[in-house]
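Chemist: Fold the following, please.
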Amino acid sequence: MKENPYEHLDEGAYRIAYLIAGYVRHTLTEKEHDELDDWIIADDKNMQLFEELTDEKNIEANLAWMDKVKSKQSYEALQQAGKFKRSAKRFKLDPAWIVAASIVLLIGAFFIFRNAGSSATNNTKMAKVDTSLLQPGGNRAILTFEDGSRIDLTTAKNGLMKNDNGADIIKLGDGIILYDPHKSDESLSSVHSLSTPVGGQFQVTLPDGTKVWLNAATTLKYPSRFTGDERKVEVNGEAYFEVAKNEKQPFRVMLADSADITVLGTHFNVMSYSNEKAKEITLLEGSVKVSQLTTNSSHTIKPGQQAVFTHNSPFTIHDNIDAAEITGWKDGWFVFHDAPIESVMNHVARWYDANIVYEGEIKDLFNATILRKEPLSKLLHILETNGFVHFKIKNKTIYVSP
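Modeler: Below is the predicted model:
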């Protein structure tokens with residue numbers, strides 16, 4: 001068996017290095033992510049180290065440097081000489097090299113930081129607030145029928161909830177409902193509305209088999225069964241679609257007086273909140289045609305592209321979008337990559353049902369990947385680690401300052 005060159009190292013340090021390397025490579029399990037989070041917030045020095053090691057520029061520069069290291073001896077020599085220099089040149093990283101090099105870098109950096117900073121003091125003030133009124137969101141929604149009757153899906157029992165105009169409506173489990181249309185009632189249909197509150201999320205399988213995930217503060221309107229020559233729904237908020245393919249009956253998504261999206265079968269994300277500056281349609285798989293009603297323009301986007309537009313301005317097409325950042329919410333994550341504080345806090349406000357007040361301008365961008373189930377105190381604590389922002393909370397209002 002090949003000798004492990006790091007077997008002499010402190011087991012705890014190696015474990016933390018492994019966790020941070022897994023964070024960089026997005027391979028941590030939920031349990032491991034919790035373990036890393038607990039270590040991060042245990043000590044301000046831990047937070048400083050984590051921010052340094054997960055900074056994209058530092059990773060690239062250090063990996064470029066590591067490419068020159070040919071042995072453990074040369075690594076130690078360079079370490080003692082302090083040869084940790086940033087590289088201005090950016091390059092495409094080899095995932096296989098990240099696996100090996102990042103652990104070596106992290107272990108070395110961990111020991112350097114721990115030994116050199118053991119007597120250092122840290123004056124960074126972290127958020128110490130009462131967040132009992134601001135709890136993480138969950139599976140909450142209201143289903144409203146055409147006659148005005150409603151079902152609170154948060155408390156409804158699993159199983160058949162209602163038969164309405166040609167479809168059985170079934171709650172499959174916490175956070176999921178399914179429409180099962182009757183073959184004998186093909187002409188029947190009525191408009192239903194599924195709404196999540198601030199701090200809510202839900203998933204629905206429509207009568208045609210299309211799956212839709214609703215983010216917080218979102219309303220989806222759709223028929224109890226699709227009739228006619230198209231399948232049309234309307235969304236206000238944010239939703240992720242996996243459209244069942246049917247070339248004879250195109251699927252259309254209407255965005256409150258601004259645009260519509262026509263597809264045959266595809267995966268895409270729609271972000272159309274009234275309090276956001278722009279609307280975004282992001283395509284993950286397939287092909288969609290986006291038509292902007294106010295400017296009478298249209299464009300077909302491809303996987304990896306995003307159409308962005310405001311009410312009165314033509315849309316622009318962005319290539320090579322960050323899919324993890326855009327759709328992370330569907331899988332239970334906040335993912336921020338070079339995000340302005342306003343964007344970050346909009347997500348926080350919708351999920352924790354908070355009001356946001358800014359007490360100064362913050363121009364720095366933020367990078368973090370945080371579970372949406374985390375307490376608000378932990379999320380704010382992590383955001384404060386870079387020293388660019390500070391938070392205060394009074395009742396349900398978060399005050400944001402430089």
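
Chemist: what about stretch 241-254, start to end distance?
Modeler: Counting by Cα to Cα, to the nearest Å, you get 13 Å between the two ends of stretch 241-254.

Chemist: ok now it, how far from the chain's centre?
Modeler: 25 Å (Cα atoms, centre = their mean, to the nearest Å).

Chemist: ok, now stretch 158-176?
Modeler: Chain-centre distance of stretch 158-176: 28 Å, with Cα atoms, centre = their mean.

Chemist: Can you tell me what sits against it?
Modeler: The contact list for stretch 158-176, computed with Cβ atoms under 8 Å, 6 or more residues apart in numbering, reads 138-139, 143, 145-146, 151, 153, 156-157, 177-182, 185-190, 192, 201-205, 207, 224-225. For every residue, glycine as well, the C-beta is placed using N, CA and C.

Chemist: That stretch spans what distance, first to last residue?
Modeler: From its first residue to its last, stretch 158-176 covers 9 Å (Cα to Cα).

Chemist: Buried residues, that stretch. List them.
Modeler: For stretch 158-176, the neighbour count (16 or more other Cβ atoms under 10 Å) marks 161, 164-167, 169-171, 175-176 as buried.

Chemist: before we move on, what about stretch 278-290?
Modeler: For stretch 278-290, the neighbour count (16+ other Cβ under 10 Å) marks 279-284, 286-288, 290 as buried.

Chemist: what bits of this structure have low per-residue confidence?
Modeler: 1-14, 24-27, 44, 48, 52-132, 184-187, 257-258, 294, 311-312 (pLDDT under 70).

Chemist: and the gap between the closest residue to D364 other than its chain neighbours and V400?
Modeler: Once flanking residues are discounted, D364 sits nearest to F388: 4.0 Å by Cβ to Cβ, 6 or more residues apart in numbering. From F388 over to V400 the distance is 11 Å, taken as Cβ to Cβ, to the nearest Å.

Chemist: Need the overlap of contacts for the two.
Modeler: In contact with both F388 and V400: I362, using Cβ under 8 Å, 6+ apart.

Chemist: So between these two, which is more surrounded?
Modeler: Using other Cβ atoms under 10 Å, the more surrounded residue of F388 and V400 is V400, with 21 against 14.

Chemist: Can you tell me which residue is spatially central in this structure?
Modeler: Closest to where the C-alpha atoms of the chain average out (Cα atoms, centre = their mean) is G328, at 2.9 Å.

Chemist: give the contact list for that residue.
Modeler: Counting by Cβ under 8 Å, 6+ apart, G328 touches 334-335, 369.

Chemist: Is it correct that it falls within a helix?
Modeler: Yes - remark: G328 belongs to a helix, assigned using DSSP: H, G, I helix; E, B strand; the rest coil.

Chemist: Skip the chain neighbours and tell me the closest residue to F268.
Modeler: Of all residues not flanking F268 in the chain, L283 sits nearest, at 4.8 Å (Cβ to Cβ, 6+ apart).

Chemist: swap in V253?
Modeler: Spatial nearest neighbour of V253, chain neighbours left out: I261 (4.3 Å); criterion: Cβ to Cβ, 6+ apart.

Chemist: Quick check: the one you found is in a strand.
Modeler: Yes - assessed by three-state DSSP, I261 belongs to a strand.

Chemist: For it, give the beta-bridge partners.
Modeler: V253, V290 (DSSP bridges).

Chemist: Give me the distance from the strand or helix carrying F334 to the chain's centre.
Modeler: For F334, the host element (DSSP states H and E) is strand 333-340. How far strand 333-340 lies from its chain's middle: 7 Å, per Cα atoms, centre = their mean.
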